[in-house]
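S.K.: sequence unavailable; structure follows:
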């Protein structure tokens, strides 16, 4: 039955997902001249609607914030990366903190809503073929995040995991981002389950996959080097993921919960 539901509902979800991107692309174009607040509100609704479209696949989203995030000031959010759904998941979870993303330059073209938001919503596009310039751009982005008290979201693995297994963090980019935002609180985030949605390259997308987003306690920065902070953030995420697996509470071990709203 689950396989049948997967095949029947995959095209329904993809139509809803694609339609959301087209509708909100137009909405962003209309809202942007009205100012930052209007454009951000449309972006927040875009992320929430993209996540809600996963309900058509019986998916559920569980968000857990282990420790209250700082009410003010910049954040650097460090997360593992499993699929394209991680971006709206982080964007919706952290919407009160003005999340902006570090993305590869290729995503800045031809994708309705996504490319427009990356180019005009405060995020930064990195050309990994131009290593030195990319690092300089990241440092400047960190300075902007510091000045405007935004949340910079980065996936330091450099690419998404197609098996759910977390890769090693790539140090230079995150180090330059940290250097540009010296007072930003470093927030590790563990994402579980989203890789399963694309494990079969959408043929089909599985029914009933629960996604979990756990916002872990901040990493201490005072008196620490950037490399030490990066190592601790990576270790915190890895320990959480391994702990969940060891407790038998990994993705797929329980029914999918409903869409949760972070506090």
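M.R.: Thanks, I have the structure now. Nothing here was measured: the structure is a model prediction, and the numbers come from that model.
S.K.: show me what contacts residue 39?
M.R.: Applying C-beta atoms under 8 Å, 6 or more residues apart in numbering, one finds that residue 39 lies in contact with 28, 31-32, 120-121. Heads up, the C-betas are built off the backbone N, CA and C, glycines and all.
S.K.: so it is in which element?
M.R.: helix 36-52 (DSSP states H and E).
S.K.: list the buried residues of that helix.
M.R.: 39-40, 42-52 (16 or more other C-beta atoms under 10 Å).
S.K.: and the average pLDDT for it is what?
M.R.: In this model, helix 36-52 has a mean pLDDT of 98.
S.K.: tell me if residue 221 really is in a strand.
M.R.: No: for residue 221, which was evaluated using DSSP: H, G, I helix; E, B strand; the rest coil, the result is coil, with no strand membership.
S.K.: how much space separates the nearest residue to it once chain neighbours are set aside from residue 84?
M.R.: Of all residues beyond its chain neighbours, the one nearest residue 221 is residue 229 (5.7 Å), with distances taken as C-beta to C-beta, 6 or more residues apart in numbering. Distance, residue 229 to residue 84, by C-beta to C-beta, to the nearest Å: 27 Å.
S.K.: go on, residue 170?
M.R.: 19 Å.
S.K.: residue 186 now?
M.R.: Noted for residue 186: a distance of 24 Å to residue 84, by C-beta to C-beta.
S.K.: which of these two has more residues huddled nearby?
M.R.: residue 186 (23 against 17; other C-beta atoms under 10 Å).
S.K.: for the more buried one, helix, strand, or coil?
M.R.: For residue 186, the secondary-structure state derived from three-state DSSP is strand.
S.K.: in the sheet, who's paired with it?
M.R.: Beta bridges link residue 186 to residue 76, residue 219 when assigned by DSSP bridges.
S.K.: give me the pLDDT for it.
M.R.: The predicted structure scores residue 186 at 97 on the pLDDT scale.
S.K.: which stretches of the stretch 101-250 of the chain form strands?
M.R.: Defined through DSSP state E, counting those that start in this stretch, the strands belonging to the stretch 101-250 of the chain, from first to last, are 124-126, 151-154, 185-192, 210-215.
S.K.: most tightly surrounded among the ones you listed?
M.R.: Among those, ranked by average contacts under mean count of other C-beta atoms under 10 Å, first place goes to strand 151-154 (a mean of 26).
S.K.: secondary structure element holding the spatially most central residue of the chain?
M.R.: For the chain, the residue sitting closest to the mean C-alpha position, by C-alpha atoms, centre = their mean, is residue 87 at 3.3 Å. In this structure, residue 87 sits in helix 86-93 according to DSSP H and E.
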